[in-house]
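Novice: Build the 3D model from these lines:
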Amino acid sequence: MLLADQLSVQMGTRSNPLELSHARRNKFDMGETVREAGVRAVRQYCGHTWDEVMSFLEEWKPSPFLCVVKPIQSAGSDDVIKCTSPAEVNEAFHKINGAVNRLGVVNEGVLVQEYLDGAEYVVDSVSRDGVHKITAIWEYDKRAANGHFNVYFGTYLRAASDELVIPLVGYAKQVTTA
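Specialist: Residues are numbered from 1 along each chain as shown. Below is the predicted model of the structure:
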């Protein structure tokens, strides 16, 4: 349970449902919670050993081979590694698994996800009683630089009325409900 959820219970204030606290920080649980709600989600696998990850890759057979390997619980772009071969996934797995991430959490396993090419957006919102209000929509300008594939060059506030982002609002509300 997250600290904020614990405080809410102790203080008798309203909060998010406690049974889903794990899905607000654990990236694998987050994706699976979304998928279980019938909302489109990225293909992913949470592996705790290299053999588990390799078995997943052999079953998946991405073509072309392109995936992202990252900590299960972290923030920002902490150890998010784009891989183009099983050898690169192996290297990323062994770099991440067992290491302490930027949140001070020991990485117990890794998350392997399909790589989604294109612009990245963040939709900020607040919710109460199942009603979601969008407060901001950001487009991230990330590009390759200094040996990394996802360096931030800027963030741009997008208008909610922008034809390109209107579908994001509906999707974000579905994800938040999940």
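
Novice: Can you tell me how far the closest residue to W60 other than its chain neighbours is from I72?
Specialist: Excluding its sequence neighbours, the residue lying closest to W60 (C-beta to C-beta, 6 or more residues apart in numbering) is R43, at 7.2 Å. For the C-beta atoms, the positions are set from N, CA and C on the backbone; glycine is no exception. For R43, the distance to I72 (C-beta to C-beta, to the nearest Å) stands at 16 Å.

Novice: quick one, which of those two is more surrounded?
Specialist: More neighbours surround I72 than the other of R43 and I72, with 22 against 15 (other C-beta atoms under 10 Å).

Novice: Can you tell me the element that one falls in?
Specialist: Here I72 sits in a region with no helix or strand, counting by DSSP states H and E.

Novice: correct me, but it touches Q113?
Specialist: No. Assessed by C-beta atoms under 8 Å, I72 is found out of contact with Q113, at 10.9 Å.

Novice: Tell me how many other residues surround M30.
Specialist: When counting by other C-beta under 10 Å, one arrives at 21 neighbours for M30.

Novice: Touching, it and A23? I think so.
Specialist: Yes. Look at M30 against A23 with C-beta under 8 Å: they come within range, at 4.9 Å.

Novice: Can you pull the poorly scored residue ranges out of the chain?
Specialist: Filtered on pLDDT under 70, the chain yields the residue ranges 1-9.

Novice: and if we set it to 50?
Specialist: Nowhere does the chain drop to pLDDT under 50.

Novice: now the helices for it?
Specialist: Ranges of helices in the chain, per DSSP state H, are 3-11, 27-36, 50-60, 86-96, 166-177.

Novice: All set, thanks.
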